[in-house]
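Colleague: Following is a predicted model, sequence given first.
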Amino acid sequence: QVQVKETGGGLVQPGGSLRLSCTTSGSMISVHVTKWYRQALGKQRELVAAIAYDSGFNYLDSVKGRFTISRDNVKDIVYLQMNNLTPEDTAVYSCNVEGAIVHGDIGTPFSSWGQGTQVIVSS
């Protein structure tokens with residue numbers, strides 16, 4: 001069983017910063033890629049940032065230069081540092097983790113979601 005939990009959301013003023021954490025827990029799991037998505041009210045969900053196990057990453061164009069994704073492979077935590085936030089960044093941010101549950105030589109793929117954390121950017 002793989003569990004994913006996001007923390008770190010909240011209310012922040014425009015220009016402020018937040019750091020979101022995505023924690024993965026479970027037995028014998030190998031995480032391949034972790035993705036942060038967001039969904040604003042009335043809008044479609046969009047991929048904000050992704051990071052692979054080898055630390056390769058990519059970002060949504062509108063957050064480049066403001067958001068930084070990083071990972072702690074030992075703790076299986078992925079962080080999303082968000083700086084210079086704007087009201088347009090207001091959304092529920094969710095973490096999706098893809099990997100495999102390993103039993104001996106067999107890896108069973110998984111894709112798990114957390115419940116999301118609300119980010120509100122407002123004065």
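Modeller: Looks like it arrived, so ask away.

Colleague: So what are the sheet partners of the helix or strand of the chain with the lowest mean pLDDT and their directions?
Modeller: Of all helical and strand segments in the chain, the minimum by mean pLDDT, DSSP states H and E falls on strand 57-59, at a mean of 87. Strand 57-59 sits in its sheet next to strand 46-52 (antiparallel), going by DSSP bridges.

Colleague: Please state the offset of the partner strand from the chain centre?
Modeller: On the basis of C-alpha atoms, centre = their mean, to the nearest Å, strand 46-52 sits 7 Å off its chain's mean C-alpha point.

Colleague: buried residues in that strand?
Modeller: For strand 46-52, the neighbour count (16 or more other C-beta atoms under 10 Å) marks Val48, Ala49, Ala50, Ile51 as buried. All C-beta atoms are positioned from the backbone trio N, CA, C, and that covers glycine.

Colleague: which regions of the protein sit below the pLDDT cut-off?
Modeller: Counting by pLDDT under 70, not a single residue of the chain qualifies.

Colleague: what's the distance between the residue nearest to Val63 when sequence neighbours are not counted and Pro109?
Modeller: Distances taken as C-beta to C-beta, 6 or more residues apart in numbering place Val48 nearest to Val63, at 5.9 Å, with adjacent residues excluded. Distance of Val48 to Pro109, given as C-beta to C-beta, to the nearest Å: 23 Å.
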